[in-house]
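Peer 1: after the sequence you'll find the predicted model.
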Amino acid sequence: MAAPAPLSTVSPKTVDKAVNALLKWRTAKSETQKPQLLEHDEFVYLILTLKKIPQKGVSRINAHKISLPNPLLNPQNDNSELCLIIDDRPKSGLTKDACRKKIQNDNIPISKIIKLSKLKTDYRPFEAKRKLCDSYDMFFADKRVIPLLPKMLGKQFFKKKKIPVAVDLKHKNWKEQIEKTCGSALLFLRTGTCSVVKVGKISMGREEIVNNVVAAINGIAEIVPRKWGGIRSFHLKLLNSLALPVYQALPDFKLKIEGVKEEEKKTEEFEEEMVKEEKVKKKKGRIHEIRYMDNNVNDDDIELDSEGDVGIDYDDNEGKTSSAEVEVKKRKKGDKEKNEKKTKVKKGDGVKQKKNVEKTKKEHGIKQNKHKKGQLASAELK
């Protein structure tokens, strides 16, 4: 495991430069765009990239709260609207009227209360969910209802980073829980290696944003698995801007060396296999060179090579030919002998045929002569 990096790894100067660049880009873009009727305050996002995907046991619904020196929401001063989703099932023991009385008595900045049963029926269409998401700045929900909300709310809440934050309504300190959440950065560990955290607003001062970013980075490093050893990088960005790097972990040299060694081993094994294949091919299709003399070769001159092949040694002054030529000559001689045998057989067959023809002619001539003699004798008698 890599040694954990100190807190001073992320320099505030680097963060200040990144924030300054984003604010300049935002002002330049606002000058070119058309003015909007309603002023829209844009968030500053911190992108966390991990080296490995978090384990399945890590909760991706419950947010990790990281306290910030400058809170993102201040419902009492900036008129932020908060929504609370309560569990109205029979076993919960909560009612909407009881929750409203509790909020009014403790002066809790909640502007809307929605029952779970109403969320199932009235906010089922996509358009209703979208309007609900855009109507409030932050959502809170009873701790017991959190596992049921992803299917009910849909993807719109996850895209706009408005996932409801769990609140334990069994305890009496509702106001403390809500105020702490409003003054914290919320980290939801996703199914991948990247997660996005809101750390500031454009309406805030430059120093306030820098302090929030540094506090968020140090707080995230304490929450993430393996702490600094599991973090790959941090980036800062606005909604439509480029991501500016703030922190980049050094590469793990051990893994690189092991990878290089494995590649070298694979290449060596591959080369050895190629050499073996070439040797086998040479043994199968190899034509050994043979040096010959006009005279016969003695048995003493025959030796074995290092590979077990037969070789014949002669004097250097004597003639040398390849075994391929010798084989070609042998083949030619064999073909000649076969042709000679065929011609001899053909000649013999021709001689036999001639003799048979002559015999048949002679026999036929003798018969004719006998017949003629018989005819003459019979004529003389007459």
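Peer 2: Arrived safely, thanks for sending. Residues are numbered from 1 along each chain as shown.
Peer 1: can you list the low-confidence ranges for this structure?
Peer 2: Across the chain, the ranges flagged by pLDDT under 70 are 1-8, 34-40, 56-61, 252-267, 270, 280-330, 332-334, 338, 341-357, 361-382.
Peer 1: rerun that using 80 as the cut-off
Peer 2: 1-9, 33-41, 54-62, 75-79, 92, 159-161, 190-191, 251-382 (pLDDT under 80).
Peer 1: domain-wise, how is it divided?
Peer 2: Under the assignment the TED database, the domains of the chain span 9-29+41-58+189-251, 74-181.
Peer 1: of all the ones you listed, which lies closest to Arg331?
Peer 2: Closest approach to Arg331 among the domains of the chain (Cβ to Cβ): domain 9-29+41-58+189-251, 66.7 Å. C-beta: built from backbone N, CA, C; applies to glycine.
Peer 1: so Ile209 sits against Phe43, correct?
Peer 2: No: taking Cβ atoms under 8 Å as the definition, Ile209 is not a contact partner of Phe43, at 10.4 Å.
Peer 1: and the two? which has more neighbours close in?
Peer 2: More crowded of Ile209 and Phe43, by other Cβ atoms under 10 Å: Ile209, with 25 against 15.
Peer 1: which residues does that one contact?
Peer 2: Val19, Val44, Asn70, Val199, Gly200, Lys201 (Cβ atoms under 8 Å, 6 or more residues apart in numbering).
Peer 1: okay, and which of those residues map to strands?
Peer 2: With DSSP state E as the criterion, strands contain Val44, Val199, Gly200, Lys201 from among the contacts of Ile209.
Peer 1: dump the contacts of Ile209 into CSV; add distance to Ser80 as well.
Peer 2: Shown next, in CSV, are those (distance: Cβ to Cβ, whole Å):
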residue, distance to Ser80
Val19, 23
Val44, 17
Asn70, 14
Val199, 17
Gly200, 15
Lys201, 11
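Peer 1: looking at the residues you listed, which is nearest Lys276?
Peer 2: Lys276 has its nearest neighbour among the contacts of Ile209 in Val199, at 61.1 Å by Cβ to Cβ.
Peer 1: for the domains of the chain, which one sits closest to Lys336?
Peer 2: Ranking the domains of the chain by proximity to Lys336 (Cβ to Cβ) places domain 9-29+41-58+189-251 first, at 76.3 Å.
Peer 1: gap between Lys160 and Gly154?
Peer 2: The gap separating Lys160 from Gly154 is 11 Å, by Cβ to Cβ, to the nearest Å.
Peer 1: what does Glu208 give?
Peer 2: Applying Cβ to Cβ to Glu208 and Gly154 gives a distance of 34 Å.
Peer 1: got it, and Ala128?
Peer 2: Counting by Cβ to Cβ, the separation of Ala128 from Gly154 is 10 Å.
Peer 1: neighbour count for these two, which is higher?
Peer 2: Gly154 (17 against 12).
Peer 1: for the protein, which segments count as strands?
Peer 2: Along the chain, the segments classed as strands by DSSP E run 43-50, 64-67, 82-86, 112-115, 138-142, 165-167, 184-187, 194-201, 231-237, 244-248, 289-291, 302-304, 310-312, 320-322.
Peer 1: hmm, back to that, next, format the domains of the chain as CSV and append distance to Glu272.
Peer 2: Shown next, in CSV, are the domains of the chain (distance: least, Cβ to Cβ, whole Å):
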stretch, distance to Glu272
domain 9-29+41-58+189-251, 31
domain 74-181, 54
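Peer 1: among those domains, which is nearest Asp335?
Peer 2: Ranking these by distance to Asp335, with Cβ to Cβ as the measure, places domain 9-29+41-58+189-251 first at 72.1 Å.
Peer 1: so what would you say the end-to-end distance of the closest one is?
Peer 2: 15 Å (Cα to Cα, to the nearest Å).
Peer 1: re earlier: which one of the contacts of Ile209 sits closest to Pro245?
Peer 2: Val19 (13.0 Å).
Peer 1: hmm, that closest one is touching Val213, no?
Peer 2: Yes: Val19 is in contact with Val213 according to Cβ under 8 Å; the separation is 7.0 Å.
Peer 1: the domains of the chain: which one's closest to Glu273?
Peer 2: That would be, of these and by Cβ to Cβ, domain 9-29+41-58+189-251, which comes in at 32.2 Å.
Peer 1: that older thread, between Val19 and Val213, point out the one with more neighbours.
Peer 2: Between Val19 and Val213, counting by other Cβ under 10 Å, Val213 is the more crowded of the two (27 against 23).
Peer 1: ok, now which ones touch the more buried one?
Peer 2: Val15, Val19, Val44, Leu46, Val199, Gly200, Leu236, Val246.
Peer 1: and for Ala18?
Peer 2: Leu236, Leu244, Pro245, Val246.
Peer 1: how about the third one, nearest residue that isn't a chain neighbour?
Peer 2: By that I understand Pro245. Spatial nearest neighbour of Pro245, excluding adjacent residues (Cβ to Cβ, 6 or more residues apart in numbering): His235 at 5.5 Å.
Peer 1: ok, now the last one?
Peer 2: Closest residue in space to Val246, ignoring its immediate chain neighbours: Phe234 at 4.6 Å, by Cβ to Cβ, 6+ apart.
Peer 1: distance of that neighbour from Ile217?
Peer 2: Relative to Ile217, and taking Cβ to Cβ, Phe234 is found at 6 Å.
Peer 1: for Leu94, same thing?
Peer 2: 38 Å.
Peer 1: higher neighbour count, the two?
Peer 2: Looking at Leu94 and Ile217 with other Cβ under 10 Å, you find the greater number of neighbours at Ile217, namely 24 against 19.
Peer 1: need phi/psi at the closest residue to that one other than its chain neighbours.
Peer 2: For Ile217, ignoring the flanking residues on the chain, the nearest one in space by Cβ to Cβ, 6+ apart is Val10 at 5.1 Å. Main-chain dihedrals, Val10, degrees, to the nearest 10: phi -90, psi 110.
Peer 1: cheers, nothing more for now.
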